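Chemist: A structural model of the following input is requested.
(2 chains)
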Amino acid sequence: MYLPRLILRNALRHRLRTGLTVLGLAIAVLAFGLLRTVVDAWYAGADAASATHLVTRNAISLVFPLPLTHRERIRRVAGVRKVSYSNWFGGVYITERNFFPRFAVDAGTYLDLYPDYLLPAAERKAFLLDRRGAVVGRKLAQTYGWRLGQSIPLRGTIYPGSWEFVLRGIYDGRQPNTDEGIFLFHWDYLNETLRRNAPRRADQVGVFVLDLMHAEDAARVSGEIDALFKSSLAETLTETEKAFQLGFVSMIDTIVLAVQVVSLMVVVIVLFVMANTMGMAAGERLPEYATLKALGFRPGFLALLVLGESVLIALLGGLAGTALTLPAAAAFSAQTGTLFHGFAVSHTTMVLQLLIALGVGVLAGLPPCLRAARISIIAGLASLN
Amino acid sequence: MQEASEVPAVRMQQLRKSYHRGNQEVPVLNGIDLVIEAGAFVALVGPSGSGKSTLLNLIAGLDQPSGGDLEVFGQELSVLSEGALARWRASHVGFIFQFYNLLPVLNALENVELPLLLTGLSRRERREHALAALSMVGLSDRLTHYPSQLSGGQQQRVAIARAVVTDPLLLVADEPTGDLDRASAEEVLAMLEELNEALGKTIIMVTHDNRAAQRARRRIHLDKGELREGADGV
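Modeler: From the prediction side, this is the model:
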């Protein structure tokens, strides 16, 4: 118990210096945790993707639609259990700042494909019966204070005009990473409007979403579907839902990489801060280390004394930073609204935060630890004079 | 004490020590022949740079000689590994420094207890020994005081308690009164005399202070790394 007591008292010897170092570490660990959670959130859609889902889109680009007539041919491919489809609607809710994904979907089949959207039976029925009905995730409803039966206007961008919806259902996510920030409405409502106002754009869908009987058929089914439409006017590209989602992430992978680099740079900076603190502390205490050596204490004892102090300070900062990450993430999530779904600090992130703090403590403590262990008694004692 | 009565405390022959400054070798001790009997109270005196502190460091096992033979209580120090030398110091030598060298984060009792961590004593035994040592130097009422809360004289008394708590055969003191006022210096010297006379501790003290040197029973004069002719006063 003597050594831990000595370590603790040494750590508290310069309370302001130690306090500032702990604060710096806490902020760095907090920043690392938040940035990593941002990166995780980018990948949340891909992580939540079902292994039995395939997405078929236009082979040229996602911005080109596919004819609805593809649906029947896709459904006949062996191994396909169900086919649904959706269109990215875009649009603006009051101002451009209020961003959330809006999809026109084939209501009946689409909800069947996403059992993680927990929608009460009565609300599901009300949604299916109302052509202008809409369903939203709980988080989105809470963000804008929407209630069932409320009218929600959208200003069309991809599909111009004023669009009016009635909120018929609010779903909860079954999993923590289920996206609760999506706005779904009837593809039929969109299509009927297009038939009237822009007939050339009618009967087109953005993507088909397929549910397979067996996940292991994914490669074969993908190949067969794309072969079906080879050399047609609308060739297809079929991929797993996860690959489809990752395609979106790859569009911003430079930003994701930059975020990751910044989070690592924060750790490196705090490593230098910590090394400076420990270097100063050890430099001031050279006569004490020399005295301990003169009394008969071995270099290992001195090494533990210095390293222990470094690790203690680092872990204090690490624990504080990790503990602060949860409320900070909640505040960040609230500020960003529905921009990120599944913005939750993972256990892996928290473990990494503590491991980084531990690593910083060890690395920053190593040079002064070696210096203390190797100090010449004569030189150390002389430095007091 | 049996060991002390059979062999001299220190025996050295042609002891040499030199340091390297760049490529240049700087001799500090030039072939010292000296015997210090067990139970002696010796003052090493001489001008600055004469080599007295270097000699004290060699005797205390803090440094290794460049040549010659050195035995302390019959132990040839140059054959000991670093670890063995550390163990030997812990069990045979008590240190008293000019600036006390107490750990500022430990109180008086904890500072005195420090060398006992290297022994096999239990926590209770360590505490008892430390209390006894502090009682001996008259600081039983300052157990929980930290060095910053003690006067210079009191700090040096704590350092003396720390030096004797392991009951070493040899006490080495480097300018023990150098940072003290006259009254405190007198207290410390009286304490060293008592340790020598009542407990038979061998004491080797480096000092610039003539009054302190006069309290020793033997004075050894060093000059330019050599014993001065006829100056080994008894």
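Chemist: How about the longest helix anywhere in chain B, which residues are buried there?
Modeler: Ranked by residue count under DSSP state H, the longest helix found in chain B is helix B:182-199. Burial within helix B:182-199, assessed by neighbour count using 16 or more other Cβ atoms under 10 Å in any protein chain shown, is assigned to B:184-189, B:191-192, B:195-196. No exception for glycine: its C-beta is placed from N, CA and C like everyone else's.
Chemist: what about the helices in chain B?
Modeler: Taking DSSP H as the test, the helices found in chain B are B:2-6, B:52-59, B:82-92, B:108-113, B:123-136, B:152-164, B:182-199, B:210-215.
Chemist: List, one by one, the residues from the stretch 1-150 of chain A near chain B.
Modeler: Those residues of the stretch 1-150 of chain A that sit near chain B, judged by Cβ under 8 Å from any Cβ of the partner chain, are A:2, A:6, A:9-10, A:13.
Chemist: Just the buried residues of those residues.
Modeler: A:6, A:10.
Chemist: which bits of chain B sit near chain A?
Modeler: B:57, B:60, B:62-63, B:83, B:86-87, B:89-91, B:95, B:97-99, B:101, B:103-106, B:114-115, B:117-118.
Chemist: From those, keep the buried residues only.
Modeler: Buried members of those, counted by 16+ other Cβ under 10 Å: B:57, B:60, B:62-63, B:86, B:89-90, B:95, B:97-99, B:101, B:103, B:105-106, B:114-115, B:117-118.
Chemist: So which of the residues you listed are in strands?
Modeler: B:F95 (DSSP state E).
Chemist: May I ask which helix or strand of chain A has the lowest mean pLDDT?
Modeler: Using mean pLDDT, DSSP states H and E, the weakest-scoring helix or strand in chain A turns out to be helix A:241-251, at a mean of 76.
Chemist: so the longest helix of chain B versus helix B:123-136, what angle?
Modeler: 120 degrees (axes from the mean of the first three to the mean of the last three Cα atoms, to 10 degrees).
Chemist: Helix B:182-199 to helix B:152-164, inter-axis angle?
Modeler: Using the same axes, to 10 degrees: helix B:182-199 against helix B:152-164 is 20 degrees.
Chemist: Contacts for helix B:182-199, please.
Modeler: By Cβ atoms under 8 Å, 6 or more residues apart in numbering or on different chains, the residues outside helix B:182-199 that reach it are B:39-41, B:137, B:151-153, B:156-157, B:160, B:164, B:171, B:173, B:176-177, B:180, B:201-203, B:205, B:209, B:211-212, B:215, B:217.
Chemist: just stretch B:135-142 next, same as before
Modeler: Residues outside stretch B:135-142 that contact it (Cβ under 8 Å, 6+ apart): B:108, B:131, B:134, B:150, B:154, B:157-158, B:160-161, B:164, B:191.
Chemist: Next, format the helices of chain B as TSV and append mean pLDDT.
Modeler: Listed next are the helices of chain B as TSV, based on pLDDT from 0 to 100:
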stretch	mean pLDDT
helix B:2-6	51
helix B:52-59	95
helix B:82-92	95
helix B:108-113	96
helix B:123-136	96
helix B:152-164	96
helix B:182-199	94
helix B:210-215	91
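Chemist: With distance to A:T37 as added columns, please give those helices in CSV.
Modeler: Putting those into CSV (distance: least, Cβ to Cβ, whole Å) gives the following:
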stretch, distance to A:T37
helix B:2-6, 68
helix B:52-59, 58
helix B:82-92, 49
helix B:108-113, 45
helix B:123-136, 47
helix B:152-164, 53
helix B:182-199, 62
helix B:210-215, 68
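Chemist: and B:K17, which of those is closest to it?
Modeler: B:K17 lies closest, by Cβ to Cβ, to one member of those: helix B:52-59, at 5.5 Å.
Chemist: Give me the helices and strands touching that closest one, please.
Modeler: Under the contact criterion of 3 or more Cβ pairs under 8 Å, 6 or more residues apart in numbering or on different chains; DSSP states H and E, helix B:52-59 touches strand B:10-21, strand B:24-36, strand B:41-45, strand B:67-72, strand B:170-174, strand B:202-206.
Chemist: Show me which positions of the second one end up buried.
Modeler: For strand B:24-36, a neighbour-count test (16+ other Cβ under 10 Å) marks B:28-30, B:32, B:34, B:36 as buried.
Chemist: How about the third one?
Modeler: Using 16+ other Cβ under 10 Å as the burial criterion, the residues of strand B:41-45 that qualify are B:41-45.
Chemist: Next, the angle helix B:182-199 makes with that strand.
Modeler: Using the same axes, to 10 degrees: strand B:41-45 against helix B:182-199 is 140 degrees.
Chemist: can you check the fifth one too?
Modeler: When the same axes, to 10 degrees is applied, the directions of strand B:170-174 and helix B:182-199 differ by 160 degrees.
Chemist: The second one now?
Modeler: For strand B:24-36 and helix B:182-199, the angle between their directions (the same axes, to 10 degrees) works out to 50 degrees.
Chemist: next one: the last one
Modeler: Here strand B:202-206 runs at an angle of 150 degrees relative to helix B:182-199 (the same axes, to 10 degrees).
Chemist: which helices and strands does strand B:202-206 pack with?
Modeler: Against strand B:202-206 (3+ Cβ pairs under 8 Å, 6+ apart) you get strand B:41-45, helix B:52-59, strand B:170-174, helix B:182-199.
Chemist: tell me the contacts of A:L319?
Modeler: Per Cβ under 8 Å, 6+ apart, neighbours of A:L319: A:354, A:357.
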